[in-house]
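**Student:** below are the sequence and a predicted model for it; my questions follow.
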Amino acid sequence: MRFWMFNECAYHYHLSISLDSATSPMSLGVAAIPPNTLSLALSYTHASTLLSLPPINNPRTPGRRNLVLLSHSNNLDYFNSHQQVIVPGIMETNVLVPEINRTLYSDIEPFNTGFLKVSDIHTIYYEQSGNPDGHPVVFLHGGPGGGTSPSNRKFFDPNFYRIILFDQRGAGKSTPHACLEENTTWDLIEDIEILRAHLKVPEWQVFGGSWGSTLALAYSVSHPDKVTGMVLRGIFMLRKKEIDWFYEGGAAAIFPDAWEPFRDHIPESERGCFVDAYNKRLNSNDKETQYAAARAWTKWEMMTAHLLPNEGTIKRGDNDEFCLAFARIENHYFVNKGFFPSDSFLLDNVEKIKHINTVIVQGRYDVCCPIMSAWDLHKAWPEADFRVVPNAGHSANEPGISAELVAATEKLKHIIKEGSP
């Protein structure tokens, strides 16, 4: 295994060493690192500024020490992803931290694709890539209505994971396109189970961002015995305050230039509720009325998805077919409050999934799904590994976010390999 070695007085001075069977961390005079521990990117923070914590014994490997991920700024059990992690009680020595990949994997092609009929109306597209005999992971895309893309495969080690992507009802390559009939959260959860059975997967890791985090939480609450771990990004729990923030004027305070075209598409007399006003137009009998509303709805989200404007993302708002599915399905779910029985349904059911190894990744300046939701989830679920990326917005494609997502799948990979709790 390779390790990065750094001195407590060093600023980015690294020595890469290899440990063979004859060499152990203890023989080098440093503390051993438990196998389920994650290392973080080294920062320019001097070690003396970092928080030192009392040692915590690893129940699986007595005598070893865990790394504890804590914010040195306010003593809470989360951390900003630029911070350094240290071994508690080892401030005066060199420290070995296991190296972990934080870089997106290379492009790969699926080894299997198909279409699966999940109801009398709907057929979903699915694909598999990576290792056919690897640990299964299912990717839940955002929106709802966003569909998958080839780049979604790159968060996972293709030698370890059997990577399963699918387009939810009405999205991407699934048919019928942009269809709202029999399209609810509970239908999607049933589809996930149908797909799992079809692929003969006994249990799998779940990965979801934005709406994908909503669906991942709802699926895991419904089928906690089928989930081996979760990676959640840009937490969205479809509560009224989250919808109101983004679609009823809150986020306009940060992106007024992007908000005005979205606002101006609706006459002043109907601006009491933009979600309802758009629902009327997205379900119009006139196709051009639908497309015009879909473009305005989608461009608003695409223009706010990154900390810094991303032209490639913004241009997705020019694709009428993408916009129609994205806007119609999103709006349909939002008007129906996610089809949840209560506004706090997901938070109220966190107890059912606290045993699942989970990493939560959140951009500090996420405007689409502001950090208040990730924070609420963190407070209800402090056992989950909570990572705040200080220089990122919403998109999974922002460098800081993608690095943390890859690191999260690597962490879960190592836990699976070691058979750790």
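**Tutor:** The structure has been received and is ready for your questions.
**Student:** quick check: buried residues in stretch 251-262?
**Tutor:** For stretch 251-262, burial by neighbour count (16 or more other C-beta atoms under 10 Å) applies to Ala251, Ala252, Ala258, Trp259, Phe262. Just so you know, the C-beta spots here come from the backbone N, C-alpha and C atoms, and that holds for glycine as well.
**Student:** in helices, which of these fall?
**Tutor:** The helices, defined by DSSP state H, take in Ala258, Trp259, Phe262 from those.
**Student:** out of those, which comes closest to Ala292?
**Tutor:** Checking those against Ala292 by C-beta to C-beta gives Phe262 as the nearest, at 12.0 Å.
**Student:** so for the longest helix seen in the chain, what gets flagged as buried?
**Tutor:** Looking across the chain with DSSP H, the single longest helix is helix 399-418. Of the residues in helix 399-418, 400-416 count as buried by neighbour count, 16+ other C-beta under 10 Å.
**Student:** against Glu404, how distant is Arg387?
**Tutor:** Plainly put, Arg387 is 5 Å away from Glu404 if you go by C-beta to C-beta, to the nearest Å.
**Student:** so in the chain, where's the weakest helix or strand by average pLDDT?
**Tutor:** Lowest mean confidence among the helices and strands of the chain (mean pLDDT, DSSP states H and E): strand 15-18, at a mean of 33.
**Student:** and for His198, nearest residue in space, chain neighbours not counted?
**Tutor:** Residue nearest to His198 in three dimensions, not counting chain neighbours: Leu116, with 5.7 Å by C-beta to C-beta, 6 or more residues apart in numbering.
**Student:** I'd assumed Ile164 was in contact with the one you found.
**Tutor:** No - the criterion here is C-beta atoms under 8 Å, and Leu116 misses it with Ile164 at 11.5 Å.
**Student:** okay, the two: which has more neighbours?
**Tutor:** Ranked by neighbour count (other C-beta atoms under 10 Å), Leu116 and Ile164 place Ile164 first, with 26 against 16.
**Student:** now the more buried one: which helix or strand?
**Tutor:** strand 161-166 (DSSP states H and E).
**Student:** which parts of the stretch 151-300 of the chain are helices?
**Tutor:** 185-198, 211-222, 240-247, 256-264, 274-282, 287-304 (DSSP state H, counting those that start in this stretch).
**Student:** closest to Glu99 out of these?
**Tutor:** So among these, helix 211-222 is nearest, using C-beta to C-beta, at 28.0 Å.
**Student:** tell me, how many residues neighbour Phe166?
**Tutor:** Neighbour count of Phe166, defined by other C-beta under 10 Å: 28.
**Student:** picking up where we left off before, nearest to Lys241 among the ones in helices among the buried residues of stretch 251-262?
**Tutor:** Trp259 (17.9 Å).
**Student:** so the closest one touches Trp300, yeah?
**Tutor:** Yes - the pair Trp259 / Trp300 is scored as a contact, 6.9 Å apart, by C-beta under 8 Å.
**Student:** name the SS class of Phe386, please.
**Tutor:** Phe386 falls in the strand class when you classify it by DSSP: H, G, I helix; E, B strand; the rest coil.
**Student:** distance of it from Thr289?
**Tutor:** With distances taken as C-beta to C-beta, Phe386 is found 43 Å from Thr289.
**Student:** one more: Tyr105?
**Tutor:** According to C-beta to C-beta, Tyr105 stands 42 Å off from Thr289.
**Student:** so which of those two has more stuff around it?
**Tutor:** Tyr105 (18 against 14).
**Student:** what sits against the residue nearest to the more buried one when sequence neighbours are not counted?
**Tutor:** Closest residue in space to Tyr105, ignoring its immediate chain neighbours: Lys154 at 4.9 Å, by C-beta to C-beta, 6+ apart. Neighbouring residues of Lys154 by C-beta atoms under 8 Å, 6 or more residues apart in numbering: Leu104, Tyr105, Ser106, Asp107, Ile108.
**Student:** the same query, at a cut-off of 7 Å, please.
**Tutor:** Applying C-beta atoms under 7 Å, 6 or more residues apart in numbering to Lys154 gives the contacts Leu104, Tyr105, Asp107.
**Student:** ok, now Glu242?
**Tutor:** Glu242 is in contact with Phe236, Cys369, Ser373, counting by C-beta under 7 Å, 6+ apart.
**Student:** go with 8 Å
**Tutor:** So Glu242 contacts Phe236, Cys369, Pro370, Ser373 (C-beta under 8 Å, 6+ apart).
**Student:** I'd like those residues as CSV, with distance to Asn357, secondary structure and pLDDT appended.
**Tutor:** Shown next, in CSV, are those (distance: C-beta to C-beta, whole Å; DSSP: H, G, I helix; E, B strand; the rest coil; pLDDT from 0 to 100):
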residue, distance to Asn357, secondary structure, pLDDT
Phe236, 21, coil, 98
Cys369, 22, coil, 98
Pro370, 26, coil, 98
Ser373, 21, helix, 98
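**Student:** turn the buried ones among these into a named PyMOL selection, would you?
**Tutor:** Paste this into PyMOL to select the buried members of the contacts of Glu242, with burial taken from 16+ other C-beta under 10 Å:
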select buried, resi 236+369+370+373
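**Student:** among the contacts of Glu242, give me the pair with the biggest separation.
**Tutor:** For the contacts of Glu242, the farthest-apart pair by C-beta to C-beta is Phe236 and Pro370; their separation is 9.7 Å.
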